[in-house]
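In: sharing a model that was predicted from the sequence below.
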Amino acid sequence: MENLIPVISKLQDVFQTAGERETFKLPQIVVVGAQSCGKSSVLENIVGRDFLPRGTGIVTRVPLMINLKCISSSHQDPKIQAEEWATFRHQPTKVYENFEDVKREIVRRTEELTGKNKGISDQEIVLTIFSPYVVNLTMVDLPGMTKVPVGDQPKDIEHQLRRLVMSYIQNPNSVILSVSSATNDIANSESLKIAKEVDPRGERTLAVLTKLDLMDKGTSAQDLLSGSGGIKVKLGIVGVVNRGQQDIINNVPIREALQHEKNFFKVHYPTVCHHCGTAYLSRILNVILLDKIRDALPKLQQRIKKKRAETVDNLERLGEPLGDSTEKGLRILATLTSFADSFNYSISGGATYGIQNLPQGLPLDAGSQIFLLFSRDFGRLLQSMDALSGLTRDAILREIRNTVGPRPVLFVPDRAFESLVKKQIHRLEMPSVECVNKVHDKLKKILRQCLNAQDVDRFPSLKDHMNKVALKFVDDCLPDALSMVKNLISIELAYINTDHPSFEGLSSLQEATSTTNASPDVLNDLLDTIDDDDDVDDFNVVEDDERGQKGGFSSFFNFTKRTDEAKTTTTTTTTINATNPNGFVEEERVKPKRTRSRETTAAQQNKDMQIRVVEKLISSYFGIVRQTILDSVPKTITHFLVNKLQKDLSKHLVGTLYKQDLFDSLLSEDPEIERQRVESRQLLESMDKAIAIISEIDDTADF
């Protein structure tokens, strides 16, 4: 069991060198106390040597880690003549046999780390003392806590000290050695107060009561030392008696002072003397530390192995420096191909092909994102577009008048219909172009995600060039896609196909005329206004097959004059047979009687019928074109953008970047990568050392 403490000391050296002290919370004893509470004297009594600097104010201004190693009195090192000696981590080859030199080196190193302005630092001084008179221990002496800055100390010295102390005692594997003076009320002890913050149950706090020999006459610490004083620390309260200031001035040996301490407790505290004094404190600290190490070591082994595995993975990610031109060329080719393949997997979905071990962070839902742009954004936008948006009654009538010129209106001219429906079809161009741009932007985002998923961070130049080439390739594909989409609209505008099977031309007109609520006399007046000679054409509804052969808007109605009736002096008019779904039939010929009101009504109903027919025809034809665009635009975008990238991205990347004169510049490493590689190698070496140190533990050790 005793060899566990040296193992922890070695591990502390390894982790400190590797910069992993905060990662691995090792068991250690942390000494906490206010200024002038006797903390340094307690440590010197435990070591048995006078080696700590003394003075006024804050003398200890950096954490001082003290490793005590018990050695045989007949050590085998011929270069060392002294029975006891010390070494510092920052001077690993220098041996200090004179402890006055140790004291001076602590002062020098402290000023080197903190300056001479009484400031503090969190950088440790690590001192190892070899002696046959000590027990194996590891202790950290922290600066004494104070509230008021003295001299040129920083104004926030109290907060600096608190942060430093908390950084050590928050370690759950640390044992808090709380030092308090018996001459002050222990209920106001700063060390016990701060220890309670991180250890409220006192499970890892050991209280040390100093200056018992300086208490006022008539007072006693018997209750505290016997555990009935109300101070809840499960590791106990130990009383000690240090050398007085006069003893230090007179250079009274510590071993002589320890004998005086022993006699003091026998006389003044005979009932608790067996668990008081420096000797008892050293033994109990040794036992407590061993228990802590035994409990922490299994988990510590697991964490070291886990850290080593992570370091190996990190080194594999960082890779080894590349060699000749051939190796560099292979690396570039593999990277370019992997990038293009990753894009294809993202669009098509790697799971579809059972692809294994895809790069992390690959957007495998890219294809579905593009589909949503087609169906949700583009599809819903077009479906929500009103075929008659922006067309008022006045605008429709104005268009009809403008397209017929000086001629009278015969129902609805086809040129008015074509002019109006083309304006509405042209509205489909903007959302179609917007859909192209959205897919274009989405593809660029997918390419960036695929590139970030590649293992190219160590080659920033290669990554930058791949990004630029890929994005430019997408931009180069964009004009063709935009041009084709605009052509789709132009194609629809070029020819208005009223012969389309889904176009509801005649039925729309029939519906419009059937909803005008026109009386026979009104329609008679309407027809009379058309015939300049008061002669009425006897119009016949052209059958569907005949209309289909003639085509065009004018084929909806075919007016023919009967020559036998053209010479008659009577004027024919036609009434509506409401029960005949085919349109108009001739029922009687009468001489109309015109009035001003009937003329006005007929003209207004004529306008209403014209507007309704136009609206019906535009809605029908616009719906046909909209459905065509809904189908054609996604296909166009997929062909000119998505499929183009999937097919030609790899070839374009290789053709642009796979050039021997670019190999060196493309594969130049970021200096940060090289720094990380060096640090990872050092960390791996440290983890291997830590594993080797733990393996030195005697197999019979029970932990």
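Out: Cool, the structure landed. Keep in mind that this is a model prediction, so the values were computed, not measured. Numbers count the residues shown, from 1 in each chain.
In: wait, a strand at residue 227?
Out: No: using DSSP: H, G, I helix; E, B strand; the rest coil, the secondary structure at residue 227 is coil, not a strand.
In: for residue 267, see how far away it is.
Out: Distance of residue 227 to residue 267, given as CB to CB, to the nearest Å: 21 Å. Every residue, glycine included, has its C-beta placed from N, CA and C.
In: more neighbours: the two, which one.
Out: Using other CB atoms under 10 Å, the more surrounded residue of residue 227 and residue 267 is residue 227, with 14 against 9.
In: touching, the more buried one and residue 237? I think so.
Out: Yes: counting by CB atoms under 8 Å, residue 227 sits close enough to residue 237 to count as a contact (6.7 Å).
In: quick one: low-confidence residue ranges for the stretch 501-650 of the chain.
Out: 505-600, 603 (pLDDT under 70).
In: whoops, I mixed them up, the stretch 201-350 of the chain
Out: Low-confidence regions of the stretch 201-350 of the chain, defined here as pLDDT under 70, cover residues 350.
In: which parts of it are helices?
Out: If you assign secondary structure with DSSP state H, counting those that start in this stretch, the helices in the stretch 201-350 of the chain sit at 222-225, 245-249, 254-268, 278-318, 325-348.
In: JSON lines for the ones you listed, including distance to residue 370?
Out: Below are these laid out as JSON lines (distance: least, CB to CB, whole Å):
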{"stretch": "helix 222-225", "distance to residue 370": "77"}
{"stretch": "helix 245-249", "distance to residue 370": "83"}
{"stretch": "helix 254-268", "distance to residue 370": "81"}
{"stretch": "helix 278-318", "distance to residue 370": "31"}
{"stretch": "helix 325-348", "distance to residue 370": "7"}
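In: tell me which of these lies nearest to residue 390.
Out: The closest of those to residue 390 is helix 325-348. By CB to CB, the value is 38.2 Å.
In: can you show me the helices along the stretch 601-703 of the chain?
Out: Counting by DSSP H, counting those that start in this stretch, the stretch 601-703 of the chain forms helices over residues 643-657, 663-666, 671-695, given from the N-terminal end onward.
In: between the ones you listed, which gets nearest to residue 285?
Out: Among the helices of the stretch 601-703 of the chain, helix 671-695 comes nearest to residue 285, with 22.1 Å by CB to CB.
In: re earlier: now for the helices of the stretch 601-703 of the chain, which one comes closest to residue 245?
Out: helix 671-695 (42.2 Å).
In: what's the angle between that closest one and helix 278-318?
Out: Comparing the axes of helix 671-695 and helix 278-318 via axes from the mean of the first three to the mean of the last three CA atoms, to 10 degrees yields an angle of 140 degrees.
In: just the buried residues of helix 671-695, please?
Out: Taking 16 or more other CB atoms under 10 Å as the neighbour-count basis, helix 671-695 is seen to contain the buried residues 673, 676-677, 680, 683-684, 686-687, 689-690, 693-694.
In: do stretch 639-647 as well
Out: 640-642, 644-646.
In: make a markdown table from the helices of the stretch 601-703 of the chain and add distance to residue 10 to it.
Out: Shown next, in a markdown table, are these (distance: least, CB to CB, whole Å):
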| stretch | distance to residue 10 |
| --- | --- |
| helix 643-657 | 51 |
| helix 663-666 | 45 |
| helix 671-695 | 5 |
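In: do you know which of the ones you listed lies nearest residue 184?
Out: Closest to residue 184 of those, according to CB to CB: helix 671-695, at 42.5 Å.
In: contacts only, for the spatially closest residue to residue 233 that is not a sequence neighbour.
Out: Closest residue to residue 233 apart from its sequence neighbours, by CB to CB, 6 or more residues apart in numbering: residue 202 at 4.1 Å. By CB atoms under 8 Å, 6 or more residues apart in numbering, the contact list for residue 202 reads 195-196, 232-235.
In: likewise for residue 161?
Out: 120, 143, 145-146.
In: now residue 397
Out: Remark: with contacts taken as CB under 8 Å, 6+ apart, residue 397 is in contact with 607, 610-611.
In: the helix or strand where it lies - what's its average pLDDT?
Out: In the assignment (DSSP states H and E), residue 397 maps to helix 393-404. Computed over helix 393-404, the mean pLDDT rounds to 75.
In: need the max-distance pair from the contacts of residue 202.
Out: For the contacts of residue 202, the maximum inter-member distance is 13.5 Å, found between 196 and 235 (CB to CB).
In: name the residues contacting each of the two.
Out: When contacts are counted by CB under 8 Å, 6+ apart, residue 196 and residue 235 have 202, 205 as shared neighbours.
In: whichever of the contacts of residue 397 end up buried, select them in PyMOL.
Out: When burial is assessed using 16+ other CB under 10 Å, the buried subset of those is captured in PyMOL by this command:
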select buried, resi 610+611
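In: turn the contacts of residue 397 into CSV, including distance to residue 365.
Out: As requested, the contacts of residue 397 are exported to CSV (distance: CB to CB, whole Å):
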residue, distance to residue 365
607, 55
610, 52
611, 49
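In: quick one: which of the contacts of residue 397 is nearest to residue 251?
Out: Minimum separation from residue 251 among the contacts of residue 397 (CB to CB) is found for residue 611, which lies at 119.7 Å.
In: pretty sure the closest one sits against residue 396.
Out: Yes: Residue 611 sits in contact with residue 396 when judged by CB under 8 Å, with a separation of 5.2 Å.
In: excluding covalently adjacent residues, which one is nearest to residue 460?
Out: Looking at residue 460 with CB to CB, 6+ apart, the closest residue is residue 670, at 5.0 Å.
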